[in-house]
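**Student:** got a sequence here, can you model it:
(chains A, B and C)
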Amino acid sequence: MAQDERMKQTLVSDPHLNPLLDGEAEAQRPVRVASRIVWRIVDVIVGGVFIYAGVIKALDSNRFAVDIDNYKILPWFIGVRLAFYLPWLEILCGLALIARKLYLGGLSILSALVAIFIIASIVAKVRGIDITCGCFGHASKYLSFGGHLALDFVLLSFVLLLLRSAHTQSDTLRSIDV
Amino acid sequence: MKTRILTFILSILWCAMARAELKWEQTTLELHPAIEDKDAVGHFKYQNTGDKPVRFKSVRTSCGCTVAQTQKDEVPAGEKGEITATFHIGERTGTQIKTVNVETDNPGQAVTVLTLKAVIPQLLEIKPTFVYWQADDAPQAKTISVTAAKDSPVTQIKVTSSNPEFQTKVEKVRKGEFKIDIQPKQTSKPMSATLTIQPENSPKMFNATASVMAVAAAKPMWTPPLMRQAVAPPPGTSPTPASPQP
Amino acid sequence: MARQALLLIALAFVPAIGEAIYFRDRVSWQTPVPASELVTVDLARGWGTNAIWVDARTDEEFQRDHIPGATLLNEDRWNELLPQFLAQWSPDKKVVVYCSTESCNLALEVARRLRNEAQLKDVFVLQGGWEEWLKTKE
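**Tutor:** Take a look at the predicted model:
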């Protein structure tokens, strides 16, 4: 174990073995730092959006239950319970993004939630059901169906980008971590 | 011969052109019965401005509280008449709208809808008319507001409770406005009272009800949300709280 | 990643259950509450013993036939009948008022007075009225 640690230290600190420490990589450091900052900003914005969406729904769970029921996919007794649960899941995942704790888990849950919302909206539209989105509670009721879908796709794109970026970073670290 | 045929044809044409028409003075009447009135009566006047008589096939009211009567079943050409609609006020409040459907044999005017709008004056407006406490609630006083009609001479009201377990206190807020504070002595057992509210110098009486509810239905034992459908639905699960008291 | 996701899913239950317990009396857990004051026969029947049926028709019509267990409350004898109705009412009940047909507004008037004067919540009018009940009874 101790030997592994020493080897790891050597790999990380030896500029010949750690490509990140050679001279050329040194020149790219400001770019990497700027990139990290940008991704952090995106983390905070996306996390903030989901926290906001979750808070709006948590403040009026009854109304959210009606919105879920309007999709006519789930029976009322399941939908009303989800109406209490989902907003808090969103809030916690948003916080996970901002605090960078349980980060990957939060991103994966959020991507699943948004994907499910998109599918449910399309199914409802195909069935001719006139729905309010429920994404931002009744605050988004004035969005057209197209606007609602566009917003969902934008959110999903950002979440998937963050997920991909996080995977890339952890792959890089894992490749050093022997 | 030709003259007779011509006369015959002209008379047929004349009959075809002859028309019947009931012209109504008003098809909507607004009534303002006095406080002590038991009925509100509207007179829908008409005249047959056509050349043919008009026969009433039916006269139907929108509810049993209104009765409509025609003076005659058939109205000769040029004649006037009226349909009298009597609306029995009973214990109704506010603006009441009742309709009378008049069906005639005139194809151009088969059904006419007459509307009677009665604005029922209330000597006293009482809000709410029902106050309650649930079992073991704190027996705090609750308030009923009483507002006298604008032009009424009510300067004082008297309140009597049918059950001495409910205490009442009357306070004059301003001219024509009063508040009644009701308080039960205890809320550990169900009981109720009828509060009789009588304006000074008026024989008319108004009621309100105060109740202490029976023991509230037992709250179900908590089960995890997703498991709840596996449990028999508990009795008396309430959707929204009734909170009538400000 | 899966472990993190499971942890978040589990953690979210805590505030959700707390909120559900806090608002447990203000939510209809089994059936949806209709958005408007009109309620169908099926939905009202689904409320079972939580529903109080109120007949807004005349005394004669009520005597002839009425929904089993219904209470008579009409405006002809409002002051006399209201206390009898209130004696049966409790805050967890849903009131379903009916009259002869949907076009007859007796039920609407009675429902309005129960909401405005007695300030009761959860007062509904039966869509289709007495006739609709008879149809579904068959």
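**Student:** can you show me the helices along chain B?
**Tutor:** Using DSSP state H, the helices of chain B run over B:2-17.
**Student:** try chain C
**Tutor:** Under DSSP H, chain C gives helices at C:2-22, C:41-46, C:59-64, C:78-88, C:106-116, C:129-137.
**Student:** so how far is the second one from its chain's centroid?
**Tutor:** It stands for helix C:41-46. The chain centre lies 9 Å from the centre of helix C:41-46; the measure is C-alpha atoms, centre = their mean, to the nearest Å.
**Student:** against which helices or strands is that helix packed?
**Tutor:** If contacts are counted by 3 or more C-beta pairs under 8 Å, 6 or more residues apart in numbering or on different chains; DSSP states H and E, helix C:41-46 sits against strand C:51-55, strand C:123-126, helix C:129-137. Placement of C-beta: from N, CA and C, glycine included.
**Student:** which of the residues in that helix are buried?
**Tutor:** By 16 or more other C-beta atoms under 10 Å in any protein chain shown, the buried positions in helix C:41-46 come out as C:41, C:43, C:44.
**Student:** likewise the longest one?
**Tutor:** Under the neighbour-count criterion of 16+ other C-beta under 10 Å, helix C:2-22 has C:4, C:5, C:7, C:8, C:12, C:13, C:15, C:16, C:17, C:19, C:20 buried.
**Student:** now the two most distant members of those.
**Tutor:** C:4 and C:20 (24.7 Å; C-beta to C-beta).
**Student:** so which bits of chain A are right by chain B?
**Tutor:** A:77, A:78, A:81, A:84, A:85 (C-beta under 8 Å from any C-beta of the partner chain).
**Student:** try 10 Å this time
**Tutor:** A:62, A:75, A:77, A:78, A:80, A:81, A:82, A:84, A:85 (C-beta under 10 Å from any C-beta of the partner chain).
**Student:** what about the third one, distance to chain C?
**Tutor:** Between residue A:77 and chain C the computed distance is 6 Å (C-beta to the nearest C-beta, to the nearest Å).
**Student:** residue A:154: neighbour count?
**Tutor:** 12 (other C-beta atoms under 10 Å in any protein chain shown).
**Student:** would you agree residue A:102 is in contact with residue A:94?
**Tutor:** No. Using C-beta atoms under 10 Å, residue A:102 makes no contact with residue A:94, being 11.6 Å away.
**Student:** ok, now which ones touch the nearest residue to residue B:168 once chain neighbours are set aside?
**Tutor:** Counting by C-beta to C-beta, 6 or more residues apart in numbering or on different chains, residue B:159 is the residue found nearest to residue B:168 once chain neighbours are left out, at 4.9 Å. With contacts defined as C-beta atoms under 10 Å, 6 or more residues apart in numbering or on different chains, residue B:159 is in contact with B:144, B:146, B:168-170, B:178, B:180-182, B:195-198, B:206, B:208.
**Student:** look up how far chain C lies from residue B:159.
**Tutor:** In terms of C-beta to the nearest C-beta, residue B:159 sits 15 Å off from chain C.
**Student:** contact partners for residue B:203?
**Tutor:** Counted by C-beta under 10 Å, 6+ apart, residue B:203 has contacts residue B:36.
**Student:** any idea how far the residue positioned nearest the centre of chain C lies from residue C:28?
**Tutor:** Nearest to the geometric centre of chain C sits residue C:94, at 3.0 Å (C-alpha atoms, centre = their mean). According to C-beta to C-beta, to the nearest Å, residue C:94 and residue C:28 sit 9 Å apart.
**Student:** next: residue B:105.
**Tutor:** 53 Å.
**Student:** enumerate the residues of chain C near chain A.
**Tutor:** Near chain A, when you scan chain C using C-beta under 10 Å from any C-beta, you find C:1-9, C:11-21, C:23, C:26-33, C:35.
**Student:** would you mind measuring from the residue nearest to residue B:168 to chain A?
**Tutor:** In terms of C-beta to the nearest C-beta, residue B:159 sits 38 Å off from chain A.
**Student:** who's that residue bridged to?
**Tutor:** residue B:197 (DSSP bridges).
**Student:** do the same with residue B:99
**Tutor:** residue B:115.
**Student:** just to check, the residue nearest to the centre of chain C is in contact with residue C:47?
**Tutor:** Yes. Counting by C-beta under 10 Å, residue C:94 does reach residue C:47; the two are 5.3 Å apart.
**Student:** which neighbouring elements make contact with the helix or strand residue A:149 falls within?
**Tutor:** Residue A:149 belongs to helix A:145-176 when assigned by DSSP states H and E. Judged by 3 or more C-beta pairs under 10 Å, 6 or more residues apart in numbering or on different chains; DSSP states H and E, helix A:145-176 is in contact with helix A:2-13, helix A:29-59, helix A:76-99, helix A:103-126, strand A:135-138.
**Student:** just the ones you listed: most buried one?
**Tutor:** helix A:76-99 (a mean of 22; mean count of other C-beta atoms under 10 Å in any protein chain shown).
**Student:** so for it, mean pLDDT?
**Tutor:** For helix A:76-99, mean pLDDT is 92.
**Student:** that older thread, ok, of the helices and strands packed on helix A:145-176, where does mean pLDDT dip lowest?
**Tutor:** Here the lowest mean pLDDT among the helices and strands packed on helix A:145-176 goes to strand A:135-138, at a mean of 51.
**Student:** re the thing from before, which of the helices and strands packed on helix C:41-46 is buried the deepest?
**Tutor:** When the helices and strands packed on helix C:41-46 are compared using mean count of other C-beta under 10 Å, strand C:123-126 is most buried, at a mean of 25.
**Student:** dump that one to CSV, keeping only the CA atoms.
**Tutor:** Output of strand C:123-126 as CSV, limited to C-alpha atoms (Å, rounded to 0.1, in the frame of the first residue of the first chain):
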residue,chain,number,x,y,z
VAL,C,123,-68.9,22.0,-1.6
PHE,C,124,-69.7,20.6,-5.1
VAL,C,125,-72.6,20.4,-7.5
LEU,C,126,-73.5,17.1,-9.1
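**Student:** still on that earlier bit, with mean pLDDT and distance to chain B added, can I get the helices and strands packed on helix C:41-46 in a markdown table?
**Tutor:** What follows is those, written out as a markdown table (pLDDT from 0 to 100; distance: least, C-beta to the nearest C-beta, whole Å):
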| stretch | mean pLDDT | distance to chain B |
| --- | --- | --- |
| strand C:51-55 | 95 | 12 |
| strand C:123-126 | 92 | 10 |
| helix C:129-137 | 86 | 12 |
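**Student:** kindly reformat the ones you listed as CSV containing distance to residue A:163.
**Tutor:** Shown next, in CSV, are the helices and strands packed on helix C:41-46 (distance: least, C-beta to C-beta, whole Å):
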stretch, distance to residue A:163
strand C:51-55, 50
strand C:123-126, 48
helix C:129-137, 52
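**Student:** in the host helix or strand of residue A:69, what's buried?
**Tutor:** If you go by DSSP H and E, residue A:69 is part of helix A:61-70. Applying a neighbour-count criterion of 16+ other C-beta under 10 Å, the buried positions in helix A:61-70 are A:61, A:62, A:64, A:65, A:66, A:67, A:68, A:69, A:70.
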